[in-house]
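In: Sequence plus predicted model, see below.
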Amino acid sequence: MKRSEVNEIMAEADSFIRSFGFVLPPFAYWSPAQMRKERSRIDGIVDACLGWDITDFGQGKYDELGLFLFTVRNGSQADLARGGGMCYAEKIMISRRNQLSPLHRHIVKAEDIINRGGGTLALELYNSDADGNVDEKTDVTVATDGILRTQPAGDVLRLQPGESVTLMPGNWHAFWAEDKDVLIGEVSTVNDDRTDNVFRDPIGRFSAIDEDVEPTHLLVSDYDTFLS
């Protein structure tokens with residue numbers, strides 16, 4: 001992805017998020033220079049990978065295959081391992097109309113995916129088989145706002161604004177906005193996007209950036225390069 005495209009997506013996303021009454025935390029609007037200036041105070045941001053996250057999954061076609069995310073809070077892997085403390089995370093995401101977030105599962109993370117507003121959020125769901133691969137045969141049972149729903153493997157679950165689904169580790173899922181753009185909330189156990197995403201197809205989680213202009217704000221994938 002070009003940095004100019006990333007900057008444009010950030011600006012559009014901020015406006016879209018604000019249109020639903022959700023406001024990002026102040027550090028979201030810091031420049032790279034301010035992030036570097038405050039580096040000694042922001043281990044909680046850098047280590048937890050809080051902030052902007054825009055991905056085309058390394059495929060170079062963001063409008064068709066991509067996702068906007070902003071990690072608002074994220075707990076500690078150490079706390080999760082010992083079973084106490086900050087064991088949760090929260091993201092705000094945007095799925096554009098017919099923009100696919102590809103089929104994947106998590107090893108550790110359980111998550112609530114919430115339609116916060118906009119159009120219909122569609123999710124294609126499968127179980128894992130004994131080897132962790134996509135099980136195309138068994139029915140899938142998930143909780144939607146505490147109510148169990150069972151559907152055939154590969155069927156599409158549609159969530160209207162205000163509805164949510166709870167996905168457990170091993171639940172394969174792909175999702176997209178079906179009729180118009182959707183603001184998505186995610187509440188989960190501690191999030192680790194470097195190691196806890198398993199994709200069916202061999203694609204990347206983060207995007208390579210072509211630095212055609214200066215960044216307006218840093219992506220979480222920029223922290224190692226710009227803040228080291």
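Out: Thanks, I have the structure now.

In: which stretches of the protein have low pLDDT?
Out: The chain contains no residues with pLDDT under 70.

In: hey, where'd the helices end up in it?
Out: 3-18, 32-37, 43-46, 77-82, 223-226 (DSSP state H).

In: Mean neighbour count, those helices: which tops it?
Out: helix 3-18 (a mean of 16; mean count of other C-beta atoms under 10 Å). The C-beta positions use only the backbone N, C-alpha and C, and glycine is treated the same way.

In: That one - contacts with which helices or strands?
Out: Here helix 3-18 touches strand 51-55, strand 67-74, strand 88-95, going by 3 or more C-beta pairs under 8 Å, 6 or more residues apart in numbering; DSSP states H and E.

In: From the chain's centre, how far out is the second one? Work that out for me.
Out: A distance of 6 Å separates the C-alpha centroid of strand 67-74 from that of its chain, computed with C-alpha atoms, centre = their mean, to the nearest Å.

In: quick one: that strand to helix 3-18, angle?
Out: Angle of strand 67-74 versus helix 3-18, following axes from the mean of the first three to the mean of the last three C-alpha atoms, to 10 degrees, is 70 degrees.

In: Buried residues, strand 67-74. List them.
Out: Buried positions in strand 67-74, judged by neighbour count with 16 or more other C-beta atoms under 10 Å: Leu67, Phe68, Leu69, Phe70, Thr71, Val72, Asn74.

In: any chance of the residues you listed in JSON lines, with distance to Thr141 too?
Out: Formatted as JSON lines, the buried residues of strand 67-74 follow (distance: C-beta to C-beta, whole Å):
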{"residue": "Leu67", "distance to Thr141": "25"}
{"residue": "Phe68", "distance to Thr141": "30"}
{"residue": "Leu69", "distance to Thr141": "27"}
{"residue": "Phe70", "distance to Thr141": "30"}
{"residue": "Thr71", "distance to Thr141": "29"}
{"residue": "Val72", "distance to Thr141": "29"}
{"residue": "Asn74", "distance to Thr141": "28"}
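
In: quick one: which of those is nearest Val142?
Out: Closest approach to Val142 among the buried residues of strand 67-74 (C-beta to C-beta): Leu67, at 20.2 Å.

In: Can you tell me the closest non-neighbouring residue to that closest one?
Out: Ser101 (4.6 Å; C-beta to C-beta, 6 or more residues apart in numbering).

In: Please name the bridge partners of the one you found.
Out: Beta-bridge pairing for Ser101 (DSSP bridges): Phe175.
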